[in-house]
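Chemist: Quick check, what structure comes out for this input:
(one chain, ligands or ions: 1)
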Amino acid sequence: MSADIFSIETESWMLDPTITYLNHGSFGARVRSVFEFQLELKRELERDPVDFLDRQQGNLENARKVVSAFLGADSEGFGFVDNATTGIGCVVNSIQFEPSDEILTTSLVYNGVRQLLTRSAEDAKCSYREVHIDLPVNTTEDVYCTVVDSVTSSTKLLVIDHVSSASSVIFPVHKIARFCRENGVLLVVDGAHAPGMLELNIDAVGADWYVGNLHKWVCAPIGAGFVWASISKRASTHPLVVSHFYGQGLTREFDWQGTKDVTAWITSAEAVRWGDSIGWKSIQKQNNTLALWMQTQLVEAWNVEPLTPQCGSMVGSMATVPLPSGCPNTFEDCLAFRNRLYEEYQIEVPIFELYGRGMVRVSAQLYSNKSHLTCLIRAIHDICN
Ligand SMILES: Cc1ncc(COP(=O)(O)O)c(C=O)c1O
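Modeler: Modelled structure (predicted):
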C-alpha cells in the first residue's frame with residue numbers, strides 16, 4: 001500500500017478523527033476542499049439566486065460534462081438526480097408494464113430498491129421476483145448463470161447491482177448486459193457503489209440504463225446521483241418531477257427539476273477533480289488492497305468463510321464477512337450490536353443480518369488504516385466473549 005497517498009489524505013477529511021470510521025459505503029465522506037467548494041457555491045447562490053439558478057445554467061452543464069466523462073458515459077444521456085433510489089424510480093417510471101410482465105432482480109438487491117420495485121409492480125399489476133444468489137459466491141460465472149437462467153419470456157426488466165450493498169459482491173454486469181441485449185430484456189444497472197470504487201466505462205457496460213451515486217465513492221456532497229440512459233431510451237426517460245422542459249430532451253429535463261439547490265451536483269465535478277489530483281486509479285488500488293487485507297484478517301481471526309472468492313476478484317473497496325460464533329444473528333440484535341460498537345467503542349461499522357446470519361461490512365477509503373480493523377476485532381472479541 002502506498003504510504004504517500006494515505007499520509008496526504010488523512011488530514012483532509014471532514015470526519016471526526018475520534019471515530020473509527022469503517023462505513024464509507026453508506027453515505028461516503030467529504031474531503032474538506034470539496035466541502036468548502038460547495039459552501040462557496042451556496043454563498044454565490046444566495047448572493048443572487050436568479051442569476052445563479054437562471055442565467056448560470058452553464059455551471060451545471062459543465063459539471064455534467066466533467067462527471068459523465070469521468071464515468072465513461074455519453075453526456076447527452078446523463079442527468080443528475082439526488083440519489084440512486086431516485087434514479088431507479090425514474091427508470092421504472094419510464095417503462096410501460098403489462099400485467100403479464102415481470103420485474104426481476106436478485107436476493108441481494110438493496111432493500112430500498114426492493115420496496116420501490118415491489119410497489120411499482122403492484123401499481124402496474126405485473127409480477128416481481130428475486131432470483132436467489134447463493135452465498136458464498138464461488139465464481140463470477142456462477143452468478144452470471146444463476147441470473148440469466150432465471151430470466152423467462154415474461155421478464156421485461158432486470159435490475160442488477162454493479163456492487164451489491166450488504167454483501168459487497170461485484171456482479172458481472174457487462175456479460176449480463178450482453179445477454180439482455182441478445183434476449184430483448186431491459187436492463188438497469190444499479191451502480192450506487194460503483195462510481196469512484198471501480199474503474200467505470202458506462203457506455204461499454206451496454207445496459208439500457210445505468211444509475212449511480214456520486215456521494216459514496218466519488219466523495220461528492222450528499223444529494224449527488226445520476227441516471228444515464230442509452231440512446232434508444234433517452235426520449236422516454238424523465239425525471240420523477242416533470243417541469244418546464246418536458247419533452248425537450250433528457251439533459252434539459254433533468255437539469256431543471258423545479259427550483260432546487262443544485263450545488264451538490266455542480267460540486268460533484270470538483271470531487272472528480274479532487275480524485276484526479278491524486279489519481280483515481282491509485283485511490284481505487286489502495287482501497288481495494290486494504291479492503292482485501294481487511295477481509296483476510298477478519299476471515300482468519302474469526303475462522304469464517306468469505307462471501308466471495310478469497311483471491312478478491314469480486315471485491316472492490318468493501319468486504320462483507322460473517323461474524324464469529326457468539327455474535328448476533330437477528331435484525332434487532334445486529335442493530336443493537338452496531339449501536340454498542342458505536343457507543344462503547346466509537347466504531348462506526350454496519351452490522352446486519354443477511355440470509356439469517358450476522359455480518360459486518362468494512363469499507364476502505366484513503367482515511368482508513370490497518371489499526372481501524374484491529375480496533376474492530378478487539379471490540380467484537382470483547383463484546384462476544
Ligand atoms: C446497491 C444500492 N442501491 C441503491 C442504494 C440507495 O442509495 P441512495 O440512498 O443514495 O438512494 C444503495 C445505498 O446504499 C445501494 O447500496
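Chemist: Give me the secondary structure label for residue 315.
Modeler: coil (DSSP: H, G, I helix; E, B strand; the rest coil).
Chemist: Do I have it right that it meets residue 292?
Modeler: Yes. Under the criterion of Cβ atoms under 8 Å, residue 315 is in contact with residue 292, at a separation of 5.9 Å. Every residue, glycine included, has its C-beta placed from N, CA and C.
Chemist: Settle it for me: which of those two has more neighbours?
Modeler: Using other Cβ atoms under 10 Å, the more surrounded residue of residue 315 and residue 292 is residue 315, with 24 against 19.
Chemist: Close to the ligand: what parts of the chain are there?
Modeler: By Cβ under 6 Å from any ligand atom, the part of the chain that sits against the ligand consists of 83-85, 110, 112-113, 161, 165, 190, 192-193, 213, 225.
Chemist: Throw these into TSV and include distance to residue 64, pLDDT and secondary structure, thanks.
Modeler: TSV is the format used below for those (distance: Cβ to Cβ, whole Å; pLDDT from 0 to 100; DSSP: H, G, I helix; E, B strand; the rest coil):
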residue	distance to residue 64	pLDDT	secondary structure
83	17	98	coil
84	17	98	helix
85	20	98	helix
110	25	98	coil
112	25	98	helix
113	24	98	helix
161	24	98	strand
165	26	98	coil
190	21	98	strand
192	19	98	coil
193	21	98	coil
213	16	98	strand
225	13	98	strand
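Chemist: Buried ones among these?
Modeler: 83-85, 110, 113, 161, 165, 190, 192-193, 213, 225 (16 or more other Cβ atoms under 10 Å).
Chemist: Which pLDDT value belongs to the nearest residue to residue 98 once chain neighbours are set aside?
Modeler: The shortest distance from residue 98 to any non-neighbouring residue, by Cβ to Cβ, 6 or more residues apart in numbering, is to residue 126 (6.6 Å). Looking at residue 126, its pLDDT reads 98.
Chemist: could you list every residue that touches residue 126?
Modeler: The contact partners of residue 126, taken as Cβ atoms under 8 Å, 6 or more residues apart in numbering, are 97-103, 156.
Chemist: Dump those residues into TSV; add pLDDT as well.
Modeler: What follows is those, written out as TSV (pLDDT from 0 to 100):
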residue	pLDDT
97	98
98	97
99	97
100	98
101	98
102	98
103	98
156	98
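Chemist: Strands - which of the residues you listed land there?
Modeler: Assignment to strands by DSSP state E places the following of the contacts of residue 126 there: 102-103, 156.
Chemist: Can you check those and name whichever has the most neighbours?
Modeler: residue 103 (25 neighbours).
Chemist: For that one, give the beta-bridge partners.
Modeler: residue 128, residue 157 (DSSP bridges).
Chemist: I'd guessed it sits against residue 128; true?
Modeler: Yes. The criterion here is Cβ under 8 Å, and residue 103 meets it with residue 128 at 5.0 Å.
Chemist: overlap in contacts of these two?
Modeler: With Cβ under 8 Å, 6+ apart, residue 103 and residue 128 have common neighbours 117, 120-121.
Chemist: quick one: which of these is nearest residue 233?
Modeler: residue 120 (16.6 Å; Cβ to Cβ).
Chemist: In contact with the closest one, which residues?
Modeler: Residue 120 touches 92-93, 97, 103, 128, counting by Cβ under 8 Å, 6+ apart.
Chemist: ok, now residue 200?
Modeler: 71-72, 191, 194.
Chemist: which one is it nearest to, not counting chain neighbours?
Modeler: Closest to residue 200 by Cβ to Cβ, 6+ apart is residue 71, at 5.2 Å.
Chemist: For residue 210, see how far away the one you found is.
Modeler: 8 Å (Cβ to Cβ, to the nearest Å).
Chemist: okay, and the common contacts of those two?
Modeler: With Cβ under 8 Å, 6+ apart, residue 71 and residue 210 have common neighbours 202, 228.
Chemist: Can you tell me which of the residues of the chain next to the ligand lies closest to residue 232?
Modeler: residue 190 (20.0 Å).
Chemist: Excluding covalently adjacent residues, which one is nearest to the closest one?
Modeler: Per Cβ to Cβ, 6+ apart, closest to residue 190 is residue 161, 4.8 Å.
Chemist: give the contact list for that neighbour.
Modeler: Contacts of residue 161 (Cβ under 8 Å, 6+ apart): 106, 108-110, 169, 171, 189-193.
Chemist: For the residue nearest to residue 139 when sequence neighbours are not counted, which three-state class applies?
Modeler: Excluding the flanking residues, the one nearest residue 139 by Cβ to Cβ, 6+ apart is residue 309, at 6.9 Å. Three-state call for residue 309 (three-state DSSP): coil.
Chemist: tell me the contacts of residue 309?
Modeler: 137-139.
Chemist: Compare these and tell me which is most surrounded.
Modeler: Going by other Cβ under 10 Å, residue 137 tops those with 21 neighbours.
Chemist: pretty sure that one contacts residue 145?
Modeler: No. Judged on Cβ under 8 Å, residue 137 makes no contact with residue 145 at a distance of 11.5 Å.
Chemist: Any chance you could give me stretch 143-163 in CSV, C-alpha atoms only?
Modeler: Taking C-alpha atoms only, stretch 143-163 is exported to CSV below (Å, rounded to 0.1, in the frame of the first residue of the first chain):
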residue,chain,number,x,y,z
VAL,A,143,-23.5,-15.5,-10.6
TYR,A,144,-23.9,-14.9,-14.3
CYS,A,145,-25.5,-18.3,-14.9
THR,A,146,-27.9,-18.0,-11.9
VAL,A,147,-29.1,-14.6,-13.1
VAL,A,148,-29.5,-15.4,-16.8
ASP,A,149,-31.0,-18.9,-16.2
SER,A,150,-33.7,-17.2,-14.1
VAL,A,151,-34.9,-14.9,-17.0
THR,A,152,-38.1,-16.1,-18.6
SER,A,153,-40.1,-14.9,-21.6
SER,A,154,-42.1,-12.7,-19.1
THR,A,155,-39.1,-10.8,-17.8
LYS,A,156,-39.4,-7.2,-19.0
LEU,A,157,-36.9,-5.5,-16.7
LEU,A,158,-33.9,-6.9,-15.0
VAL,A,159,-32.4,-4.8,-12.1
ILE,A,160,-28.8,-5.8,-11.3
ASP,A,161,-26.4,-4.2,-8.8
HIS,A,162,-23.0,-3.4,-10.0
VAL,A,163,-21.7,-3.8,-6.4
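Chemist: Perfect, I'm done here.
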